Structures are given as structure tokens and as C-alpha cells.
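Student: Could you look at this predicted model? Sequence included:
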Amino acid sequence: MGNIGFLGMEMSGPTAAATVFMVVIAIGANCKLFMKCGQPIWAALIPGYNVVVAMRILGRPDAHALLFLVPGFNVYFFFKTVIELAQAFGKRTTTDFILASVFNVFYVLNLSLAYQEEYEGPVYGSAAKSPSNWQTA
């Protein structure tokens, strides 16, 4: 495969194919996750609005989606919301937090496709977030 140019960037064919594959997996995982949390599936397909719906899943105010636009802070906030998503599904061990942070796409795919994983509800502001309630694995 030759090089592919898109929006001023050039990448090799296999790299582009792998990127498209990961994007398709991420979109599918988000659609299934939104369905599992009682949100509309189409919300996962609209950029920006999917972040607002994700904040609703976590129990955060819709305005917190704007925090992803703050340079530097957005990295910290991303990891914080990924951990809260794991907590919303009852995952409270340090191992789960590390897996959710490092393998985000695959962890969300696991949460959305596994039958035994059930959405327990929003966790923002609850006592479940405190480190004293964390379990070690």
C-alpha cells in the first residue's frame, strides 16, 4: 500500500488502516456503552454531544464537557473521567483503574460488550470515589 494524505498529514497505508480500524472499534464500543447506560445510540456518533452525554452517564454537569477544551488540564480530566466510568460499572480496584487508563478503547469495549457488566449509575460526587473505598487486586 502506498502513502495516504489527509488534511495535510501523510501516513502509510497500514497505519491508516489500523487507525480506521481503531476508530470503528471505538465508535462501536461507545454506541453499545450508551445503549447499556440508557442513552440514545445516535448520541455516540455526534462529536461534542457524545462528550456531553458521557458527562450525564457519569453524573457530571453538562458544562464539564467544556473542560476537555482546556489545554493541559484535558489530559488529567480524561483520566479522571475514565476512572469514573469504571466506577459507574462497579469497578473500584486499582487494577481496573490502570487498565481503564492504559487500554481505554479496549476497556470501554469490554464494559459495553460483557454481559456481566452492568451500569450501576452516576458516581460523580458520591462516596464511592474516595480512595478509602478502593480495593487492591
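Tutor: Happy to help now that I have it.
Student: quick one: buried residues of stretch 65-74?
Tutor: Buried residues in stretch 65-74, defined by neighbour count with 16 or more other CB atoms under 10 Å: A65, L67, F68. All C-beta spots, glycine's among them, are computed from the backbone N, C-alpha and C.
Student: Extract the CA atoms of it and return them as CSV.
Tutor: Output of stretch 65-74 as CSV, limited to C-alpha atoms (Å, rounded to 0.1, in the frame of the first residue of the first chain):
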residue,chain,number,x,y,z
ALA,A,65,-17.6,18.7,28.8
LEU,A,66,-16.0,22.0,28.1
LEU,A,67,-13.1,21.1,30.4
PHE,A,68,-11.8,18.9,27.6
LEU,A,69,-11.1,22.0,25.6
VAL,A,70,-8.6,23.4,28.3
PRO,A,71,-5.1,22.5,27.1
GLY,A,72,-3.1,20.5,29.6
PHE,A,73,-5.9,20.1,32.0
ASN,A,74,-7.8,17.9,29.5
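Student: who's in contact with it?
Tutor: By CB atoms under 8 Å, 6 or more residues apart in numbering, the surrounding residues in contact with stretch 65-74 are G48, V51, V52, A54, M55, F77, F78.
Student: nearest spatial neighbour of the last one, skipping sequence neighbours?
Tutor: Read that as F78. F68 (7.1 Å; CB to CB, 6 or more residues apart in numbering).
Student: returning to what we had before: buried among the contacts of stretch 65-74? Need that as a selection in PyMOL.
Tutor: Of the contacts of stretch 65-74, the buried ones go into a single PyMOL selection, burial set by 16+ other CB under 10 Å:
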select buried, resi 51+52+54+55
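Student: G28 should be in a helix, yeah?
Tutor: Yes: the assignment for G28 by DSSP: H, G, I helix; E, B strand; the rest coil puts it in a helix.
Student: buried residues in the lowest-mean-pLDDT helix or strand in the chain?
Tutor: Within the chain, no helix or strand scores below strand 3-6, which has a mean of 72 by mean pLDDT, DSSP states H and E. Under the neighbour-count criterion of 16+ other CB under 10 Å, strand 3-6 has nothing buried.
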